[in-house]
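*Asks:* Predicted model and sequence below, questions to follow.
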Amino acid sequence: MLRIYDTRARQVEEIAAGRALRMYTCGPTVYRRAHVGNLRTYLLSDLIRRVLERRRVRVLACRNITDVGHLVDDSSDDEGEDKVLAQARAEGRSPLELARFYEDAFTSDAATLNLRPPEHTPRASETVDLMIELIAKLIERGHAYTVPDGSVFFDVRTFPTYGEISGNRLDALKPAHRIEAVDPRKRFHADWALWKPGEGELTWETPWGRGFPGWHVECSAMSLRFLGPRFDIHTGGIDLRFPHHEDERAQSDSAAGHEVVRHWVHGEHLLFDGRKMAKSTGNVVLLSDVADAGLDPLAVRMAFLEHRYRQQLNLTWDTLRAADRTVRRWRARVAEWSESVSAPLSQAHAERVEAAFDDDLDTPAALRILRELERDESVAPGAKFETFLHLDQVLGLDLSTEIGKTPVLPAGAGELLEARARAREAHDWAAADRLRDELAELGVRVSDTPEGQTWV
């Protein structure tokens, strides 16, 4: 069974799923296009799902869409979010129309990366009633308080185990560690807003005044509604450990009266060319940029798989090009092997790969084993075909797409074939071998015959 690193427990733990598992993922804030660094987070939950489903575990997944609250909260430190209303007006759209545009773009990117869609994708704008109910319950139970201007704050000192996910305990948490200055309306500096007063677009009436929800409350309200009072896995990026997941855990557990989430799982940051990927640094790569560069978008998925989910990844155009070559080569090999005599899959290789998946999603080890299988001449081509397709149910690289198609040379391969033909004519066998290896990296397999070289 799958074993995965639990951030709160600080150790790898077995996921005791039984026949079904419930999983929540913090979804996108739809105020601009998601870059590939954002998308890495969602591959984590997709891999968990695919590995468990291979074990015949039914996964019920929920991933929210933040289209209010965090969007109009001008205290957010996420660059650009406080400008969404002005952006919508400048484009002649309502804020929700703008949000729908970026939500559709995210959904399209997720499908392009072969991320299996969750069963529930609630929008914050359509579940504010759930948030109001949750806030009212927290007030009733003494975990939240109102102030005269209509704000509602969570009273963090009523939740003694705050900090178990991130290690930021209340007794050591100083005001300077918070983004905002100390708010005199708060009973304690680390309290946070569940509801904020406001007027105009994207605001709602409540018993304590008109306004909009704080960011952290929406995930508690949605997860409790769509997954129930206890669920198995909560995933998100490492940056969400604090304060978002700490606040969410405090809210949910205080409302439910018990521990709601069994395992907290986080994916590491992604760098591009050694720098943080962010609009503020001018270092953003979109999935569409990868396609525009002539690379298969699933090269991004392959590049992610080359690194463990909780290892910081420094993505570069070179690593994306290398991943693209591997994806194309494997598709060409699978198409070639599909013409061979049928044979059972290689059980030994499949079991080793599946064991790597189960070992805290060790995808780099899984890929190394598949490369061994690709080169292993003792395994029949038909067995390689069955094994690669079997494991692609987790890898999600669409390795069957070239089966039955007329082979088409990838960019640059024609020139390499011509150069190799000239090298053979000149009896420059070292150059011919080197060019053969370069062609193999592009997914082109060359054979020499008395009539000349052929390729598949």
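*Replies:* Right, received. Where do you want to start?
*Asks:* what's the following helix or strand after the worst-scoring helix or strand of the chain on mean pLDDT?
*Replies:* Using mean pLDDT, DSSP states H and E, the weakest-scoring helix or strand in the chain turns out to be helix 84-90, at a mean of 71. On the C-terminal side of helix 84-90, the nearest following helix or strand under DSSP states H and E is helix 95-112.
*Asks:* elements contacting the least confident helix or strand of the chain?
*Replies:* On a contact count with 3 or more C-beta pairs under 8 Å, 6 or more residues apart in numbering; DSSP states H and E, helix 84-90 meets helix 95-112. Bear in mind the C-beta positions are built from the backbone N, C-alpha and C, glycine included.
*Asks:* Show me how far whatever helix or strand comes next after the helix it packs on is from its chain's centre.
*Replies:* Going down the chain from helix 95-112, the next helix or strand is helix 128-140, by DSSP H and E. Mean-position distance between helix 128-140 and its chain equals 29 Å (C-alpha atoms, centre = their mean, to the nearest Å).
*Asks:* Tell me the buried residues in helix 128-140?
*Replies:* Buried residues in helix 128-140, counted by 16 or more other C-beta atoms under 10 Å: Val128, Leu130, Met131, Ile132, Leu134, Ile135, Lys137, Leu138, Ile139.
*Asks:* Not counting its own residues, what contacts it?
*Replies:* Contact with helix 128-140 is made by 68, 124, 144-146, 152, 154, 194-195, 204, 206-207, 212-213, 217-218, 220-222, 224-225, 251, 254-255, as judged by C-beta atoms under 8 Å, 6 or more residues apart in numbering.
*Asks:* Which PyMOL command selects the buried ones in these?
*Replies:* With 16+ other C-beta under 10 Å as the burial test, the buried ones among the contacts of helix 128-140 are selected in PyMOL as follows:
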select buried, resi 68+124+144+145+146+152+154+194+195+204+206+212+213+217+218+220+221+222+224+225+251+254+255
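*Asks:* Now, the contacts of helix 128-140 that are in helices?
*Replies:* The helices, defined by DSSP state H, take in Val217, Glu218, Ser220, Ala221, Met222, Leu224, Arg225, Gln251, Ser254, Ala255 from these.
*Asks:* separation between the fifth one and Thr363?
*Replies:* So the one you mean is Met222. Distance of Met222 to Thr363, computed by C-beta to C-beta, to the nearest Å: 29 Å.
*Asks:* same deal with the fourth one?
*Replies:* Counting by C-beta to C-beta, the gap between Ala221 and Thr363 amounts to 33 Å.
*Asks:* JSON lines for the buried residues of helix 128-140, including pLDDT and distance to Ala348?
*Replies:* Shown next, in JSON lines, are these (pLDDT from 0 to 100; distance: C-beta to C-beta, whole Å):
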{"residue": "Val128", "pLDDT": "96", "distance to Ala348": "54"}
{"residue": "Leu130", "pLDDT": "98", "distance to Ala348": "50"}
{"residue": "Met131", "pLDDT": "97", "distance to Ala348": "52"}
{"residue": "Ile132", "pLDDT": "98", "distance to Ala348": "57"}
{"residue": "Leu134", "pLDDT": "98", "distance to Ala348": "51"}
{"residue": "Ile135", "pLDDT": "98", "distance to Ala348": "56"}
{"residue": "Lys137", "pLDDT": "98", "distance to Ala348": "54"}
{"residue": "Leu138", "pLDDT": "98", "distance to Ala348": "54"}
{"residue": "Ile139", "pLDDT": "98", "distance to Ala348": "60"}
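*Asks:* Any chance of JSON lines for these, columns distance to Glu441?
*Replies:* Shown next, in JSON lines, are the buried residues of helix 128-140 (distance: C-beta to C-beta, whole Å):
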{"residue": "Val128", "distance to Glu441": "53"}
{"residue": "Leu130", "distance to Glu441": "52"}
{"residue": "Met131", "distance to Glu441": "52"}
{"residue": "Ile132", "distance to Glu441": "57"}
{"residue": "Leu134", "distance to Glu441": "54"}
{"residue": "Ile135", "distance to Glu441": "57"}
{"residue": "Lys137", "distance to Glu441": "59"}
{"residue": "Leu138", "distance to Glu441": "57"}
{"residue": "Ile139", "distance to Glu441": "62"}
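*Asks:* Looking at the residues you listed, spot the one nearest Glu164.
*Replies:* For the buried residues of helix 128-140, the residue nearest Glu164 by C-beta to C-beta is Leu138; the value is 19.1 Å.
*Asks:* Contact partners for Gly163?
*Replies:* With contacts taken as C-beta under 8 Å, 6+ apart, Gly163 has the following neighbours: Arg169, Leu170, Leu173, Glu246.
*Asks:* Report pLDDT for the third one.
*Replies:* Okay, so that is Leu173. If you check Leu173, the pLDDT there is 77.
*Asks:* related to what we said a few turns ago, hmm, which two among the buried residues of helix 128-140 are most spread apart?
*Replies:* Spanning the widest gap among these are Val128 and Ile139, at 16.3 Å by C-beta to C-beta.
*Asks:* quick one, what contacts the nearest residue to Ala20 once chain neighbours are set aside?
*Replies:* Among residues not flanking Ala20 along the chain, Arg58 sits closest, at 4.4 Å (C-beta to C-beta, 6 or more residues apart in numbering). By C-beta under 8 Å, 6+ apart, Arg58 lies in contact with Arg19, Ala20, Leu21.
*Asks:* quick one: which of those sit in strands?
*Replies:* Ala20, Leu21 (DSSP state E).
*Asks:* Lowest pLDDT pick from the contacts of Arg58?
*Replies:* Out of those, that is Arg19, at 92.
*Asks:* For stretch 32-43, what is the distance to the chain centroid?
*Replies:* Worked out by C-alpha atoms, centre = their mean, stretch 32-43 lies 6 Å from the chain centre.
*Asks:* quick one: contacts of that stretch?
*Replies:* Under the contact criterion C-beta under 8 Å, 6+ apart, stretch 32-43 has outside partners 25-26, 28, 63, 80, 102, 105-106, 109-110, 113, 115, 235-237, 267, 269-270, 272, 277, 279, 284-287, 290, 300-301, 304, 309, 313, 315.
*Asks:* Could you identify the buried members of the residues you listed?
*Replies:* By neighbour count, with 16+ other C-beta under 10 Å, the contacts of stretch 32-43 hold 25-26, 28, 63, 102, 105-106, 109-110, 113, 115, 235-237, 267, 269-270, 272, 277, 284-287, 290, 300-301, 304, 309, 313, 315 as buried.
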